[in-house]
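S.K.: Quick one: sequence plus predicted model below, questions after.
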Amino acid sequence: MNGREDKKANDLFFTCSLIEYIARKTKNKSSVVIETLGKDNIDKIYDLADIYHSDNIERVASDFIEEVSLTSGSYDPVSLARYSIPSHWDIGKIYKRLILGIAAAEQIDIIDALWSAYHSYVSEKIDDYNSSFYYDSPQNILNAYLYNYME
């Protein structure tokens, strides 16, 4: 550990933030972004996050969008938001915590936990910026995923 958190947790934070950035830039759901990127590219991003993090996120995103030929969609929760919009870094932090919780609870690898998180109904709830869910406590978000239930 070289800072406030584990290096791999920080790498996961960057990976999730980049996924969110790409999703917003291309107007696709995060699940579409990770499907199009594929597990190999996501693993590459996660593995090399400390290098990618030192570059401009716009350039890194553009390179991956071009590499996988990700086309623009019509999903745009940002334009539907009536209130303050969380940044891609804010959403990256939410997913990082969720994924670490899933990996620990289900005893699975980080990339598999990432895949599960982005393909869960919780992902849709996080993307709804008009609800309060995305800024709920990390434990409540994890519990919603684990128990497939929200109060």
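M.R.: That came in fine, so what should we check first?
S.K.: where in the chain is pLDDT low?
M.R.: Scanning the chain for pLDDT under 70 picks out the ranges 1-4, 151.
S.K.: What segments of it are helices?
M.R.: 7-26, 30-47, 49-52, 57-67, 77-80, 88-106, 110-118, 121-126, 138-147 (DSSP state H).
S.K.: tilt between the longest one and helix 30-47?
M.R.: Orientation note: helix 7-26 sits at an angle of 140 degrees relative to helix 30-47 (axes from the mean of the first three to the mean of the last three CA atoms, to 10 degrees).
S.K.: could you say what helices and strands helix 7-26 packs with?
M.R.: helix 30-47, helix 49-52, helix 57-67, helix 88-106, helix 110-118 (3 or more CB pairs under 8 Å, 6 or more residues apart in numbering; DSSP states H and E). Every residue, glycine included, has its C-beta placed from N, CA and C.
S.K.: returning to that earlier point: distance to Ser132 and mean neighbour count for the helices of the chain - can I get that in a markdown table?
M.R.: Shown next, in a markdown table, are those (distance: least, CB to CB, whole Å; neighbours: other CB atoms under 10 Å):
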| stretch | distance to Ser132 | mean neighbour count |
| --- | --- | --- |
| helix 7-26 | 19 | 22 |
| helix 30-47 | 19 | 18 |
| helix 49-52 | 29 | 17 |
| helix 57-67 | 27 | 15 |
| helix 77-80 | 14 | 13 |
| helix 88-106 | 13 | 20 |
| helix 110-118 | 19 | 21 |
| helix 121-126 | 10 | 18 |
| helix 138-147 | 10 | 16 |
